[in-house]
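Colleague: Structure for this input, please:
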Amino acid sequence: MVSKPKSCNMKNLSVIILSFIIFGIVSCKKSGNTNPGIAGNWRILKDSTYSSGIGCCGSPASTVFTGTAADYFEFTIGGTLYIKEAAQRDTASYSVNSANQLILSHDGFTHSFDIITRTTSNLTLKNDFITPGGRLIRFVYLQKT
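Modeller: Purely as a prediction, here's the structure:
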């Protein structure tokens, strides 16, 4: 006796279609959200820079800026960063790459900061920049507001 192939009934077809819809919804990535982990307002606690000395005769130097309640980094969900540090205001675009680096783009220049600490309340960034004239290291300590 030859058996007939089972036909696909409506119930099985509905389950298959529903599975694809659920998979599609779960797999979708929201566009425009550069990194929700850092989006928001962050108060500057401290911004410090160290220079090993520029050129052959330059002396090592460091500066430390201690932020006030009015100083901030504001990371938008769309990838724009607004900075207010003392009397300075600036805007840049940003993204976070798979190597856990914050990439800032501003006026045709790109800077990468290693994300040293990232919690719901604290963010520490490090930029280590080596030039032919010397090494510059910058640490930015931020607290979520």
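Colleague: Secondary structure element holding the nearest residue to R118 once chain neighbours are set aside?
Modeller: Leaving out its chain neighbours, the residue that sits closest to R118 by C-beta to C-beta, 6 or more residues apart in numbering is G37, at 6.2 Å. Yep, even glycine has a C-beta here, placed from its N, CA and C like the rest. Using DSSP states H and E, G37 sits in no helix or strand.
Colleague: same thing with S112?
Modeller: strand 109-118.
Colleague: For that strand, buried residues please.
Modeller: 113, 115, 118 (16 or more other C-beta atoms under 10 Å).
Colleague: Give me the distance between the closest residue to N100 other than its chain neighbours and G78.
Modeller: Leaving aside its sequence neighbours, N100 sits nearest to I115 (C-beta to C-beta, 6+ apart; 4.9 Å). Distance, I115 to G78, by C-beta to C-beta, to the nearest Å: 19 Å.
Colleague: Nearest residue to the middle of this structure?
Modeller: When C-alpha atoms, centre = their mean is applied to the chain, the residue found nearest the centroid is V96 (3.6 Å).
Colleague: From S59, how far out is that residue?
Modeller: To S59, V96 is 35 Å away according to C-beta to C-beta.
Colleague: And the strands in the protein?
Modeller: Here the chain has its strands, by DSSP state E, at 40-51, 61-66, 72-75, 80-85, 88-96, 101-106, 109-118, 122-131, 134-144.
Colleague: Now do the last one and strand 80-85, the angle between them.
Modeller: Using axes from the mean of the first three to the mean of the last three C-alpha atoms, to 10 degrees, the direction of strand 134-144 lies 100 degrees away from that of strand 80-85.
Colleague: Pull out the buried residues from strand 134-144.
Modeller: 134, 138-143.
Colleague: A92: which of those residues is nearest?
Modeller: V140 (12.9 Å; C-beta to C-beta).
Colleague: The closest one contacts F113, doesn't it?
Modeller: Yes: V140 lies in contact with F113 (C-beta atoms under 8 Å); the separation is 7.3 Å.
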